[in-house]
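> Any chance you can model this:
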Amino acid sequence: MLNEFKNFIAKGNVMDMAVGIIIGAAFTAIVTSLVGDLINPIIALFTGGIDFSGWFYVLGEETYASIEAATEAGAPVFAVGKFVMAVINFVIVAFVVFLLVKMVNRIKEAAEKEEEAAPEEPKGPSELDVLLEIRDALAKKD
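Here you go, the predicted structure:
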C-alpha cells in the first residue's frame with residue numbers, strides 16, 4: 001500500500017489536484033461576491049426588494065428581526081435564503097466551468113488539427129534499408 005501511495009504521488013495527480021483546489025477556493029470567493037454584490041441586488045429589484053440572503057423561517061413560536069438574531073438566540077432556523085444563494089452559486093460555477101472546459105476542448109482540437117496538417121518530413125532510409133544496401137554492396141564485391 002505504501003508503494004501504491006508513492007506511485008500515486010509520483011504521477012503528479014496530487015499536485016494537479018492541489019492546484020485545482022486552490023484555484024477553486026479563490027474562484028468561490030469571486031462567485032460569492034458576484035452573487036451577493038451583483039446578482040442579488042438585480043433579483044431584489046425585480047422581486048420588489050426581496051433579499052434572498054435574509055429569507056428564513058424560525059421553527060418555533062418566537063419571531064426574530066433577522067436570521068442573525070435568531071441564530072444567536074439558538075432558535076432552530078430554516079434558512080431558505082442561504083439555500084437559494086448556494087443554488088445560484090452552484091449554477092454560476094457550473095456554467096463557468098462548462099465554458100472553461102469548452103474553451104480547453106477547442107484549443108486541444110485546434111492543436112490536433114495543426115499537428116495533422118503539418119507535412120511529414122521526408123524520412124531517411126531505415127536501419128533495414130541501410131543493412132540491405134551494405135549486404136548488396138558486399139555481395140557485388142565478391
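
> show me where pLDDT drops low in this structure?
Counting by pLDDT under 70, the chain contains low-confidence ranges at 12-13, 50-51, 118-120, 142.

> Please enumerate the helices of it.
Assigned by DSSP state H, the helices in the chain fall at 2-10, 13-33, 40-46, 67-72, 80-117, 127-141.

> helices or strands up against the second one?
What it means is helix 13-33. On a contact count with 3 or more CB pairs under 8 Å, 6 or more residues apart in numbering; DSSP states H and E, helix 13-33 meets helix 80-117. C-beta: built from backbone N, CA, C; applies to glycine.

> ok, back up a step: would you mind finding the most buried of the helices of the chain?
Highest mean neighbour count among the helices of the chain (mean count of other CB atoms under 10 Å): helix 67-72, with a mean of 16.

> what residues does it touch?
Residues outside helix 67-72 that contact it (CB atoms under 8 Å, 6 or more residues apart in numbering) are 54, 56, 58, 64, 77, 79, 81, 82.

> Can you give me every residue that contacts the last one?
With contacts defined as CB under 8 Å, 6+ apart, the neighbours of residue 82 are 53, 56, 67.
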